[in-house]
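> prediction below, plus the sequence it came from.
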Amino acid sequence: MKMKLKKSSCALLSISISLIILPPVLSQSCKSFCGNQHVQYPFGTGPGCGDPRFQPYVTCTQQKLTFTTHTGTYPVTSIDYPNQVIYISDPTMSTCACSQPSKGFGLDCDAPFTFSDNTIFALLDCSVSSSPIFKSNGVYSGGNSTPVPLCDNQGAEICCLLYSCQPISRLSLPVSTCCIYTPVDLGPQFDLDLQKLQCSSYSAIYGHNDQDSDPGRWNYGVALKYKFNVNNDYPSLCADCEKSLGACGYIAGDFNSFLCSCPNGINTSTNCYFMASWNNAQILHPWHAGIK
């Protein structure tokens, strides 16, 4: 890339300037925001942005950040970057404000996410007679065995409170058809298949807002944990790039590469510190300058 320097009063001096060699400017332009949501590593706003392992799952579409798995595409409500937790919502789940049928939620087996310990799944309106959640205890009473739910015994109060919500209470469902599942109970496929479990809906709760007895104030949604790598180290090149107001990315097709996408659309292999504003225009500053 050739650059023409404007003539100045120093033109009589012989100046030797060494400029940093930049990668070619690519068509991609990684941003630090998707709509009004701040986006930083390991997530990105488009192809070639963020970490390639996360790019297929968290995307920016029409200025909205979404999370995609084999069960659907869900809005990202917020991201807690210091604690490495991403929060998503499922518009089809039931909450204290709305009761509706849903198909469930699942993680792809190769997705770089795990369920946060704070996430609680409540399976609603499950068939006591045929759902695999309810197993026979082998004790017969009047010729029938007694079903025993494979649910968290400590979740009974959560079920009672959820079923007391007006939209659910109108259905007059027995509390016994509610089952609290913790993430570990979802099995190796991390799949909440409501059709297979024979439950009509579910709720996911990740916080109570210090209102344990008021389900109308709970945080409904799924909290997912993520790690940067095996050692969970934040890449130093990316940290330096973001400090210079750039966005981290990579060369398409080369997952081991690194690009820092600067606010003016130029991609560098380091950071955006060489950019400066001068006379209301963007110019490149030399990294080394010497006067002969």
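Here it is on my side, so go on. Numbers count the residues shown, from 1 in each chain.
> hang on, residue 179 packs against residue 120?
No - look at residue 179 against residue 120 with C-beta atoms under 8 Å: they stay out of range, at 11.3 Å. Bear in mind the C-beta positions are built from the backbone N, C-alpha and C, glycine included.
> what sits in contact with each of the two?
residue 155 (C-beta atoms under 8 Å, 6 or more residues apart in numbering).
> residue 272: neighbour count?
22 (other C-beta atoms under 10 Å).
> any idea of the pLDDT on it?
pLDDT for residue 272: 91.
> so it versus residue 241, what's the distance?
For residue 272, the distance to residue 241 (C-beta to C-beta, to the nearest Å) stands at 7 Å.
> so what's the residue nearest to the spatial centre of the chain bridging to?
Central residue check for the chain by C-alpha atoms, centre = their mean: the C-alpha nearest the mean position is that of residue 86, 4.0 Å away. Beta-bridge partners recorded for residue 86 (DSSP bridges): residue 79, residue 224.
> contacts only, for residue 133.
Contacts of residue 133 by C-beta under 8 Å, 6+ apart are 123, 126, 149-151, 179, 197-199.
> quick one: low-confidence ranges for the stretch 1-150 of the chain?
Applying pLDDT under 70 to the stretch 1-150 of the chain flags residues 1-28, 136-148.
> same thing but at 80, please
Scanning the stretch 1-150 of the chain for pLDDT under 80 picks out 1-28, 134-150.
> surely residue 237 meets residue 270?
Yes - in this structure, residue 237 is within contact of residue 270 by C-beta under 8 Å, at 7.4 Å.
> overlap in contacts of these two?
By C-beta under 8 Å, 6+ apart, the residues touching both residue 237 and residue 270 are residue 260.
> sorry, back to before: quick check: neighbours shared by residue 272 and residue 241?
residue 260.
> re the thing from before, more neighbours: which of residue 179 and residue 120?
residue 179 (24 against 21).
> and that one, how far from residue 205?
Shown here: residue 179 relative to residue 205, a distance of 14 Å by C-beta to C-beta.
> so what sits against both of those two?
residue 122.
> tell me where the stretch 1-150 of the chain has strands.
For the stretch 1-150 of the chain, the strands defined by DSSP state E, counting those that start in this stretch occupy 15-18, 33-34, 37-38, 58-61, 64-69, 72-80, 85-88, 104-106, 114-115, 120-126, 134-141, 144-149.
> winner for burial among those?
Highest mean neighbour count of the strands of the stretch 1-150 of the chain: strand 120-126, a mean of 23 (counted as mean count of other C-beta atoms under 10 Å).
> other SSEs contacting it?
Of the remaining helices and strands, those touching strand 120-126 by 3 or more C-beta pairs under 8 Å, 6 or more residues apart in numbering; DSSP states H and E are helix 156-163, strand 179-181, helix 194-197, strand 199-207.
> got the contact list for it?
For strand 120-126, the surrounding residues in contact (C-beta under 8 Å, 6+ apart) are 94, 99, 133-134, 151, 155, 158-159, 162, 168, 171, 173, 177-183, 186, 192, 194, 197-206.
> just the buried members of the residues you listed?
Buried subset of those (neighbour count, 16 or more other C-beta atoms under 10 Å): 94, 99, 133-134, 151, 155, 158-159, 162, 168, 173, 177-181, 183, 186, 192, 194, 197-206.
> run through the strands of the stretch 151-292 of the chain in chain order.
179-181, 191-193, 199-207, 219-220, 222-225, 247-249, 259-261, 267-268, 275-278, 281-284, 288-291.
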